[in-house]
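Student: Sequence unavailable; structure follows:
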């Protein structure tokens, strides 16, 4: 019971805010509310959709309720933490790690399991990438008949890396994340600087955290453009884009998790004739036409892996929102600047994973 | 205050009445009343005896699947051949299928039919009824209108009509006793257990302080439990949840055993049986064993390493609260009668096929939450053990229980993300329609097996390794000497932790894995016996030099040594590919993993409960009841699982809802004795289940009027015994706003050991060990 921590006149509320000078832990409503929210979220998601079909709008509405419940839990958590000024920062007191911040160790340990999350996703990718014949190989070998879908692996990079324009959102995102890794370190640096006056530090830390937040938002926005929206090519550059005025999103291209009869202009013998290209050897004497492909596995792998990474970015945005607000109120001082470092470790990890996801899913 | 009290009382009454109503509404066979209002378009307010209704052709007892011709007819009432319309009827049957012969009747559902427009001017109709394929008590309900025709001058007028009702019960070749749906049985039992649990907890709370039992005090008390971040309270919550689900899993096991007690039984249908064994496995592993481990770890790890609390107390609360909600998701399917039927392994592609029950989606969702919970737990404990040990306590001074929790969490932590990703893939396949395991689209079911068993095999070590830790503590204390070969114990634990990751292929010997991989996993699996053997021999050597004090926890530890070793022996049959191919999916497997998971894990838990209960509650448990619990449970446990080895060798398959015995030498049939052995197993299962209530009773009695426990009732010497029973909060030291003060140092423990009784004193004490409740230590 928290009242046992020191002073008798101390009555902490489980709804926050805390007086951290009395140490930790304190009772909190956040865990039970957040857990309930996550459970309702999964329950309503499973009720709203079945086998990719939308089945119930009641459940769909409830998804938003569940997000509200999760948000409430997060708000309580933050409300308790907002007053945290570093006066209670647990340090390791056991050998051989004396005076290490124990939460920093915790973040490192957590990243260990995150590593396994992405390892599992990459295992899935490697299994399917190497185990299922590539669509291009199938097409060029001529082992297909027009009108019957062949099951093959179509890497997203076949679409994305086909032109600089297609690649642009992913490429910009890579730099956005790398720059955000830099800005979060800058935020930490200014928060730690002892010789700054309070106001300057507040401004600098807020600015750099805000920039990191903005870059993360840009990342997700570009991802949505790349997946669902597409974008027009600027006039003078249309020439370079084979005369097309628009870069189609993956959605428009039909690169979807339920694409059991996916068609791509390249997988068409007429494309070769129209462009005066030489037919691949395997297709000589083939009846020709448009090859249809069942690419559900490839698309699932692509969307779920990049989506998991996107979910991590989203989590980062949620935390950055809180941190920016706290910084605005002068919450970060040299005494508790290490909080930015904890988040920075996670953020660098997310950046690092993108550096692996990008070549595997976008380039190669 | 009175308004608040009455508000609380009204809320409680409402909850209790809701709990009573919910099962009773689901257990009504959807029914006769419903038919009366919706099915019979009865003309007139109440039945009239002037109409006599006849249902001809119904047999006294039916033959399976035979079709009978029934004739519905009536006489009396206002009907007469001159009328434009003469009558109508509605027939309902609880089982079997109704059919029509001509255009005078129409089928509504397979079990409901009525007349048609064309059949309106008749007083008798011919219909057919196809009897069900199994034994059941069949009920026919017939409603008939006797129509006076055109009284109003318009067809369809109903004034002046009379109606009556007839109900007939028949049975099949074998009469079936009135029987409830097993799901209703399970649901009611779960709800009753939950209510009993709540009542017991409330009573224990009440009995501690009857004066303050009012809403004013109860509200803050309960909300303190819901919001607590204290490792000891969370540990208690884990225990309550874990023991509750141990009971629920046990109830499911009993229902399974009722089904299997005689050959060809139909207590459970195949569909129900599949759900029961799936949920039995999932419940026992994830909702009973894991929470109990976390309960022990939460309680004891900070105490054993001299830390005030865990590193991240709020994250710790989060780990706990994810579990009850996950349990609700996992069980949603059961309450709707369509729970997961995939086995706890949830093999693809069945798990993502539409053939698998709808509840499978939520079963996967619940486990995703459990994965999140385990990950947070892992972060917490690894951090705590790495950085919060008392001054002077190096890695090699850590108590073995803390070591075992550390190794278990390393294993869990590094393997469970694979399972989590697999579950997310399954969940997404089922919900938004991705195609990870859709074979037609090129998905690979073996990928799921790999992801699952990469987690699944370390997982079974995760649930056994903490028991190793408990047994190490208990045996060292009971033998009154330090553990033999401490370093080798640590290395053996670490060895298990490493080997755990490279053996999982032995679960997939028959799944078409490459032969070279099979050979490698055969070797690595056999390797597991080495560190485990080291531990067994070290425990034996510890006892060899010491003089054993027989307390209840000692008995359980000795029981553990026997049963776990036997389970280990039967386990050594499986690495051999040839043997495995023969024994795969047989009861031999069931016997093996229950010998290690019950005889190993659960016996270890029991030892731990009896060992640490005085520390946690400050009250002693009764040794006499403890010994009774050990004797009944140990004997019935062996009677329950030992014969399963034999059934397995005979070829009885697991996961099949029934079996048949024969005197002939036929492929896939069991000898006649198998029926007797199955009945024996079922009876033993009931005894084992109920014997554990001796422990529950012991706990309740101890909570109410147990003897106060001293700080160190067993004469042990690790840190947890140096603080009071129950320990204060924070468990050690105090925080003054700047720093922690008065944290323990390992030196203290050494002092404590130095004050242990010497050789002569120990010899003297052994002579003097009395049969009292205090274990011979009067402090």
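Tutor: Arrived safely. Being a predicted model, the structure only gives us computed values, none of them experimental.
Student: Domains in chain A, by residue range?
Tutor: Using automatic domain parsing, the domain parsing of chain A gives A:1-85, A:133-155+A:261-294, A:163-259+A:301-364.
Student: contacting residues around the closest residue to residue B:286 other than its chain neighbours?
Tutor: Of all residues not flanking residue B:286 in the chain, residue B:370 sits nearest, at 5.2 Å (C-beta to C-beta, 6 or more residues apart in numbering or on different chains). Quick note: C-beta positions are derived from backbone N, CA and C, even for glycine. Residue B:370 makes contact with B:286, B:290, B:322, B:323, B:326, according to C-beta atoms under 8 Å, 6 or more residues apart in numbering or on different chains.
Student: pretty sure the third one contacts residue B:368?
Tutor: It stands for residue B:322. No. The pair residue B:322 / residue B:368 is not scored as a contact, 9.7 Å apart, by C-beta atoms under 8 Å.
Student: Number of residues surrounding the closest residue to residue B:323 other than its chain neighbours?
Tutor: Of all residues not flanking residue B:323 in the chain, residue B:373 sits nearest, at 5.5 Å (C-beta to C-beta, 6+ apart). Neighbour count of residue B:373, defined by other C-beta atoms under 10 Å in any protein chain shown: 24.
Student: Could you say which helix or strand holds residue B:373?
Tutor: Residue B:373 belongs to helix B:359-387 when assigned by DSSP states H and E.
Student: what do you get for residue B:48?
Tutor: Using DSSP H and E, residue B:48 falls within no helix or strand.
Student: Quick one: low-confidence residue ranges for the chain.
Tutor: Picking chain A for this. For chain A, the stretches with pLDDT under 70 are A:1-12, A:22-25, A:94-97, A:240-241.
Student: Actually, chain B is the one I wanted.
Tutor: Looking at chain B by pLDDT under 70, you get B:1-8, B:18-45, B:149-159, B:175-180, B:666-668, B:737-738, B:748-779.
Student: In it, what residue lies closest to chain A?
Tutor: Residue of chain B nearest chain A, by C-beta to the nearest C-beta: residue B:433 (2.1 Å).
Student: for that residue, helix, strand, or coil?
Tutor: Put simply, residue B:433 is coil when judged by DSSP: H, G, I helix; E, B strand; the rest coil.
Student: rewinding a little: and the domains of chain A as JSON lines, adding mean neighbour count and distance to chain B?
Tutor: Shown next, in JSON lines, are the domains of chain A (neighbours: other C-beta atoms under 10 Å in any protein chain shown; distance: least, C-beta to the nearest C-beta, whole Å):
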{"stretch": "domain A:1-85", "mean neighbour count": "18", "distance to chain B": "2"}
{"stretch": "domain A:133-155+A:261-294", "mean neighbour count": "16", "distance to chain B": "4"}
{"stretch": "domain A:163-259+A:301-364", "mean neighbour count": "18", "distance to chain B": "5"}
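Student: any chance of those domains in TSV, with distance to residue B:379 too?
Tutor: Formatted as TSV, these follow (distance: least, C-beta to C-beta, whole Å):
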stretch	distance to residue B:379
domain A:1-85	14
domain A:133-155+A:261-294	34
domain A:163-259+A:301-364	12
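Student: tell me the contacts of the closest residue to residue A:80 other than its chain neighbours?
Tutor: Among residues not flanking residue A:80 along the chain, residue A:16 sits closest, at 3.5 Å (C-beta to C-beta, 6+ apart). Residue A:16 is in contact with A:28, A:76, A:78, A:79, A:80, A:81, A:82, counting by C-beta under 8 Å, 6+ apart.
Student: same thing but 10 Å
Tutor: Neighbouring residues of residue A:16 by C-beta atoms under 10 Å, 6 or more residues apart in numbering or on different chains: A:26, A:28-30, A:75-83.
Student: and the strand or helix carrying residue A:38, what does it pack onto?
Tutor: Following DSSP H and E, one finds residue A:38 within helix A:30-48. Using 3 or more C-beta pairs under 10 Å, 6 or more residues apart in numbering or on different chains; DSSP states H and E, the elements in contact with helix A:30-48 are helix A:57-81, helix B:215-227, helix B:313-335, helix B:359-387, helix B:400-431.
Student: which one of the ones you listed lies closest to residue B:46?
Tutor: Within those, the stretch nearest residue B:46 is helix B:313-335; the backing value is 37.0 Å (C-beta to C-beta).
Student: Can you classify the residue nearest to residue A:80 as helix, strand or coil?
Tutor: Residue A:16 ends up coil, using three-state DSSP.
Student: any idea which residue of chain B is furthest from its center?
Tutor: Distance from the C-alpha centroid of chain B, by C-alpha atoms, centre = their mean, peaks at residue B:82 (66.9 Å).
Student: Tell me the secondary structure of residue A:332, please.
Tutor: Residue A:332 - assigned by three-state DSSP - is coil.
Student: Could you find the closest non-adjacent residue to it?
Tutor: Of all residues not flanking residue A:332 in the chain, residue A:191 sits nearest, at 4.2 Å (C-beta to C-beta, 6+ apart).
Student: and that neighbour, what does it touch?
Tutor: Going by C-beta under 10 Å, 6+ apart, residue A:191 touches A:201-202, A:204-205, A:208-209, A:327, A:331-341.
Student: you'd agree it is in a strand?
Tutor: No. Residue A:191 is assigned helix when assessed by three-state DSSP, not a strand.
Student: in chain A, which residue is closest to the centre?
Tutor: When C-alpha atoms, centre = their mean is applied to chain A, the residue found nearest the centroid is residue A:310 (1.5 Å).
Student: how big is the angle separating the strand or helix carrying it from helix B:400-431?
Tutor: If you go by DSSP H and E, residue A:310 is part of helix A:296-328. Angle, helix A:296-328 to helix B:400-431, by axes from the mean of the first three to the mean of the last three C-alpha atoms, to 10 degrees: 120 degrees.
Student: got the residue ranges for the strands in chain B?
Tutor: Taking DSSP state E, the strands of chain B run over residues B:52-56, B:67-75, B:87-93, B:97-100, B:105-109, B:112-115, B:124-130, B:138-146, B:162-170, B:734-735, B:740-741.
Student: what's the fifth one packed up against?
Tutor: Going back to what we said before, that points to strand B:105-109. Applying 3+ C-beta pairs under 10 Å, 6+ apart, we find strand B:105-109 packed against strand B:87-93, strand B:97-100, strand B:112-115, strand B:124-130.
Student: Could you check how far the helix holding residue A:38 is from the centre of its chain?
Tutor: Distance of helix A:30-48 from its chain centroid, counting by C-alpha atoms, centre = their mean, to the nearest Å, is 20 Å.
Student: other SSEs contacting the next helix or strand after it?
Tutor: Reading on from helix A:30-48 to the C-terminus, the next helix or strand found by DSSP H and E is strand A:49-50. In terms of contacts (3+ C-beta pairs under 10 Å, 6+ apart), strand A:49-50 is packed against helix A:57-81, helix B:400-431.
Student: Dump the ones you listed into JSON lines; add distance to residue A:356 as well.
Tutor: Converted to JSON lines, the helices and strands packed on strand A:49-50 look like this (distance: least, C-beta to C-beta, whole Å):
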{"stretch": "helix A:57-81", "distance to residue A:356": "29"}
{"stretch": "helix B:400-431", "distance to residue A:356": "16"}
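Student: Which of these sits closest to residue B:657?
Tutor: Here helix B:400-431 is closest among the helices and strands packed on strand A:49-50 (C-beta to C-beta), at 24.0 Å.
Student: Would the closest one count as contacting chain A?
Tutor: Yes. Using C-beta under 10 Å from any C-beta of the partner chain, helix B:400-431 reaches chain A at B:409-410, B:412-422, B:424-425, B:427-431.
Student: Centre of the chain to that helix, how far?
Tutor: For helix B:400-431, the separation from the chain centroid amounts to 20 Å (computed by C-alpha atoms, centre = their mean).
Student: For the most centrally placed residue in chain B, give me its contacts.
Tutor: Closest residue to the average C-alpha location of chain B: residue B:249 at 2.2 Å, with C-alpha atoms, centre = their mean. Counting by C-beta under 10 Å, 6+ apart, residue B:249 touches B:279, B:280, B:281, B:282, B:283, B:284, B:285, B:287, B:288, B:289.
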